[in-house]
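*Asks:* Predicted model follows, preceded by the sequence.
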Amino acid sequence: MAISPNSSSLELTISIPSFSPSPSSPGGDHHGMRDFDINQTPKTEADHMIGATQHANEEDSNSGGRRRKKLRLTKEQSHLLEESFIQSHTLTPKQKKDLATFLKLSQRQVEVWFQNRRARSKLKHTEMECEYLKRWFGSLKEQNRRLQIEVEELRALKPSATTALTMCPRCERVSDAADNDSNAVQEGAAVSSSRSRMTISSSSSLC
DNA sequence: ATCGTCAAAGAGTGGT
DNA sequence: ACCACTCTTTGACGAT
């Protein structure tokens, strides 16, 4: 995952970690384990793929009650769905049909899988954005704190001033907020020594 | 061993 | 058709 803040806009580049091409995920997390369908004892890869689904579908169709039996996709099914998702986040009706046929799933299952996958990838993206904004907020807070300190220092240079100093970044005129015009010339002398600093810290106020 | 908790994922429902 | 929201099931894991 890479978060790359732009100067003016927020830009995130996120790679979804849920799909790992390697058979064993590092750190032995839940996901790698979960990909194995323990309801099945497949003899071959193909048996594994088809068997689990058929079993689940049989149970589904046989259960007259409303209790739904959740099927777990096999490793291969998940893998192929994931690869399709990487190629395109949406499916045409034909792609859906072909994929469903190939994976021996219903079109509805493929459709739901893609729906959930889109939703969860969006959620992940939102969470990352949130994290990034939190960090950004933190750094802005820190920046604000430093600027406040600087303002205090500048105020200390002019003990008589009781109101906030402001400077127009265009004309670089310094004035008290409460006493704008009359003090402009007067303060020129007091502030001239720290003019460069004032220009930086007071850039937000305009005439 | 079992119980509680949690995250992940499959699926249902209603709105657009 | 798609999305947001929700429920449900499943499996891992830690505490006891």
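*Replies:* In hand now; what should we look at? Numbering: from 1, shown residues only, chains lettered A, B, ... in the order given.
*Asks:* is DNA strand C contacted by the helix or strand containing residue A:116?
*Replies:* Using DSSP states H and E, the element containing residue A:116 is helix A:107-157. Yes: Helix A:107-157 is in contact with DNA strand C by Cβ under 7 Å from any atom of the strand, via A:111, A:115, A:116, A:118, A:119, A:122. (Glycine included, C-beta is placed from N, CA and C.)
*Asks:* now residue A:77, nearest residue through space, not along the chain?
*Replies:* residue A:103 (5.1 Å; Cβ to Cβ, 6 or more residues apart in numbering).
*Asks:* does the one you found really touch residue A:81, like I thought?
*Replies:* Yes: taking Cβ atoms under 8 Å as the definition, residue A:103 is a contact partner of residue A:81 at 7.2 Å.
*Asks:* which residues are in contact with both of these two?
*Replies:* residue A:110 (Cβ atoms under 8 Å, 6 or more residues apart in numbering).
*Asks:* Show me what the helix holding residue A:116 is packed up against.
*Replies:* strand A:12-13, helix A:75-87, helix A:93-103, strand A:165-167, helix A:195-201 (3 or more Cβ pairs under 8 Å, 6 or more residues apart in numbering; DSSP states H and E).
*Asks:* burial of residue A:98, as a residue count?
*Replies:* Residue A:98 sits with 15 neighbouring residues when counted by other Cβ atoms under 10 Å.
*Asks:* I'd like the distance between it and residue A:112.
*Replies:* Noted for residue A:98: a distance of 17 Å to residue A:112, by Cβ to Cβ, to the nearest Å.
*Asks:* What of residue A:135?
*Replies:* Taking Cβ to Cβ, one finds residue A:135 at 35 Å from residue A:112.
*Asks:* again, but for residue A:127
*Replies:* Counting by Cβ to Cβ - residue A:127 and residue A:112 are separated by 22 Å.
*Asks:* how big is the angle separating the helix holding residue A:116 from helix A:93-103?
*Replies:* Relative orientation of helix A:107-157 versus helix A:93-103 (axes from the mean of the first three to the mean of the last three Cα atoms, to 10 degrees): 110 degrees.
*Asks:* taking the mean pLDDT, what do you get for helix A:107-157?
*Replies:* Throughout helix A:107-157, pLDDT has a mean value of 90.
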